[in-house]
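Visitor: Return a 3D structure for these sequence lines:
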Amino acid sequence: MLNRFLTLLAIVAFGIGNPSESFGHDGHAKASDHITTSIGHEISGAGFKVYLGEGKGAAEGMELDPSVSENAVQTVVEAFSVMTLQRTQYPRYDQALRKGVLDKVVIEPKVFNRFVKEFLFLVARTTQPKQVILLVNASMLKQEQYLNHPQKLIPRLEREFQWVLSKADTQPKPRKVLIERDLQDAPIKSVKEIKHMSGEERNQTLQALFETYLVTVDDYQSLLDQPYYDVGTTTLLKPAHPDSTIKLYDIRVREALQRLIQAPYFVEHTPKAVRNLLNGRIWCVAFVKIDKRDWATRTRVAPKEKSVIVGPQKQSVQPAKILINYHRKAEPEDPFYAETQGLPMGALSADQLARVIALEIEKNITDKSMRGHVAQDEQSAPE
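Guide: Residues are numbered from 1 along each chain as shown. Coordinates of the predicted model:
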């Protein structure tokens with residue numbers, strides 16, 4: 001409906017996403033898209049060659065004056081030759097050579113990232129694990145007066161190798177799926193309203209929040225084509241379809257939340273959990289698979305500047321996610337350790353899961369909100 005405000009969570013591009021001189025490393029084209037048009041120029045003592053290449057994307061069809069191309073190759077080759085001879089002075093470059101991560105260097109007329117922003121250098125992954133190529137923008141070499149000045153170019157090249165090393169050591173981020181939330185009509189409740197609601201009324205509100213606001217599938221579909229746990233065991237079973245595991249855990253989370261919302265036990269023992277599920281503070285509870293994190297659950301609260309306006313009363317909310325790492329087990333220091341009986345999170349029944357979620361919210365939601373906590377282990381990236 002036109003009068004509804006739908007918040008669309010943006011599709012997140014691949015990449016590292018840290019600031020540097022090469023801001024465009026997130027979301028760059030695949031290395032296989034970059035076709036060389038010359039024989040490779042060897043660098044004595046290095047395991048890669050320097051090539052001329054075609055312009056791709058926004059630079060497709062662009063041609064350089066032959067003298068610019070020739071000077072660009074000569075400048076880059078000379079710069080790398082000096083760096084190789086004196087490699088101990090350039091620790092990032094030296095490390096890249098020792099690890100053998102640089103497949104080749106390709107000089108193109110212009111180099112753009114996927115957002116059509118131009119850069120002097122970009123690093124692109126290859127189809128081979130831990131292998132990258134370095135793209136060099138010949139036009140910018142000329143524009144920034146690097147042509148025929150290899151010594152001037154060397155410091156820039158050395159800085160770029162932080163990205164060569166980093167991108168070789170990480171995998172592309174998965175893309176977020178597009179999530180729609182009807183913020184304006186989400187039926188969030190006040191503390192006073194929640195206090196006087198019956199179990200059935202709380203459940204009706206929860207069902208309405210499922211339709212408008214509360215998401216129970218992770219943003220990156222990390223459980224796609226993953227096996228699932230037989231309840232109460234550590235046995236992993238193969239899904240019938242690629243999305244079967246996603247659907248199974250979506251249903252289990254919803255069943256657990258319904259138990260949590262309706263049962264008097266949770267109202268008495270974990271009132272914050274009940275309250276924060278119905279007042280809009282929590283907008284996602286989902287199973288995830290994050291191999292490089294050893295936590296079983298994690299509460300992530302958006303910082304104040306990312307608050308959203310929710311409901312007919314236009315309440316400002318710092319929304320939180322409750323993530324459940326499906327293949328991890330609880331640690332003794334976790335508040336719900338006794339509830340899990342040594343099982344992976346994905347093997348818990350809906351009743352067990354309800355207690356885990358309730359205790360996670362009860363113990364962590366206030367602390368994380370007070371600190372404006374945003375975890376560094378976002379599901380989309382290793383770091």
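Visitor: What separates the first and last residues of stretch 134-150, distance-wise?
Guide: Counting by C-alpha to C-alpha, to the nearest Å, you get 17 Å between the two ends of stretch 134-150.
Visitor: buried residues in stretch 95-115?
Guide: Buried residues in stretch 95-115, counted by 16 or more other C-beta atoms under 10 Å: 96-97, 101-113. For every residue, glycine as well, the C-beta is placed using N, CA and C.
Visitor: Average pLDDT for that stretch, rounded please.
Guide: Mean per-residue pLDDT for stretch 95-115: 91.
Visitor: Export it to PDB, keeping only CA atoms.
Guide: Provided in PDB are the C-alpha atoms of stretch 95-115 (Å, rounded to 0.1, in the frame of the first residue of the first chain):
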ATOM      1  CA  GLN A  95      54.700 -11.500   2.500                       C
ATOM      2  CA  ALA A  96      52.600 -11.700  -0.700                       C
ATOM      3  CA  LEU A  97      55.600 -13.100  -2.600                       C
ATOM      4  CA  ARG A  98      56.300 -15.700   0.100                       C
ATOM      5  CA  LYS A  99      52.600 -16.800   0.100                       C
ATOM      6  CA  GLY A 100      52.400 -16.700  -3.700                       C
ATOM      7  CA  VAL A 101      49.000 -15.000  -3.600                       C
ATOM      8  CA  LEU A 102      49.400 -12.700  -6.600                       C
ATOM      9  CA  ASP A 103      48.500 -14.500  -9.800                       C
ATOM     10  CA  LYS A 104      49.200 -11.500 -12.100                       C
ATOM     11  CA  VAL A 105      49.100  -7.800 -12.600                       C
ATOM     12  CA  VAL A 106      46.800  -6.500 -15.300                       C
ATOM     13  CA  ILE A 107      47.000  -2.900 -16.600                       C
ATOM     14  CA  GLU A 108      43.700  -1.600 -18.100                       C
ATOM     15  CA  PRO A 109      42.800   1.700 -19.700                       C
ATOM     16  CA  LYS A 110      40.600   2.500 -16.700                       C
ATOM     17  CA  VAL A 111      39.500   0.500 -13.600                       C
ATOM     18  CA  PHE A 112      36.100   0.800 -12.000                       C
ATOM     19  CA  ASN A 113      34.400  -1.000  -9.100                       C
ATOM     20  CA  ARG A 114      30.900  -2.300  -9.500                       C
ATOM     21  CA  PHE A 115      29.500   1.100  -8.400                       C
END
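Visitor: Among the buried residues of stretch 95-115, name the ones in strands.
Guide: The strands, defined by DSSP state E, take in Leu102, Asp103, Lys104, Val105, Val106, Ile107, Glu108 from these.
Visitor: hmm, back to that, and which of the buried residues of stretch 95-115 is nearest to Thr88?
Guide: Thr88 lies nearest to Leu97 out of the buried residues of stretch 95-115, by C-beta to C-beta, at 10.8 Å.
Visitor: After the worst-scoring helix or strand of the chain on mean pLDDT, which helix or strand is next? Please name it.
Guide: Here the helix or strand of the chain ranked lowest by mean pLDDT, DSSP states H and E is strand 6-8, holding a mean of 36. Per DSSP states H and E, the first helix or strand lying C-terminal to strand 6-8 is strand 41-42.
Visitor: now the helices: where do they sit in the stretch 201-350 of the chain?
Guide: Ranges of helices in the stretch 201-350 of the chain, per DSSP state H, counting those that start in this stretch, are 244-262, 264-269, 271-278, 337-340, 350-370.
Visitor: Output these in JSON lines; the columns should cover distance to Glu160.
Guide: What follows is the helices of the stretch 201-350 of the chain, written out as JSON lines (distance: least, C-beta to C-beta, whole Å):
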{"stretch": "helix 244-262", "distance to Glu160": "39"}
{"stretch": "helix 264-269", "distance to Glu160": "54"}
{"stretch": "helix 271-278", "distance to Glu160": "45"}
{"stretch": "helix 337-340", "distance to Glu160": "46"}
{"stretch": "helix 350-370", "distance to Glu160": "37"}
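Visitor: Nearest to Ile290, out of the ones you listed?
Guide: Set against Ile290 and scored by C-beta to C-beta, these come closest in helix 244-262, at 14.0 Å.
Visitor: Show me which of the ones in strands among the buried residues of stretch 95-115 is closest to Tyr228.
Guide: Asp103 (37.7 Å).
Visitor: Name the nearest residue to that closest one, sequence neighbours excluded.
Guide: Nearest residue to Asp103 in three dimensions, chain neighbours excluded: Gln131, at 4.7 Å (C-beta to C-beta, 6 or more residues apart in numbering).
Visitor: what do you get for Asp351?
Guide: Residue nearest to Asp351 in three dimensions, not counting chain neighbours: Arg259, with 6.3 Å by C-beta to C-beta, 6+ apart.
Visitor: swap in Leu122?
Guide: Nearest residue to Leu122, sequence neighbours excluded (C-beta to C-beta, 6+ apart): Leu135, at 4.6 Å.
Visitor: Could you check how far the nearest residue to Val106 once chain neighbours are set aside is from Ala138?
Guide: In space, and not counting its chain neighbours, Val106 is closest to Gly53: 4.0 Å by C-beta to C-beta, 6+ apart. According to C-beta to C-beta, to the nearest Å, Gly53 stands 10 Å off from Ala138.
Visitor: Between the two, point out the one with more neighbours.
Guide: Just comparing Gly53 and Ala138: by other C-beta atoms under 10 Å the higher neighbour count belongs to Ala138, 28 against 22.
Visitor: ok, that one touching Ser67?
Guide: No. In this structure, Ala138 is not within contact of Ser67 by C-beta atoms under 8 Å, at 11.0 Å.
Visitor: That's all I had, so thanks and see you.
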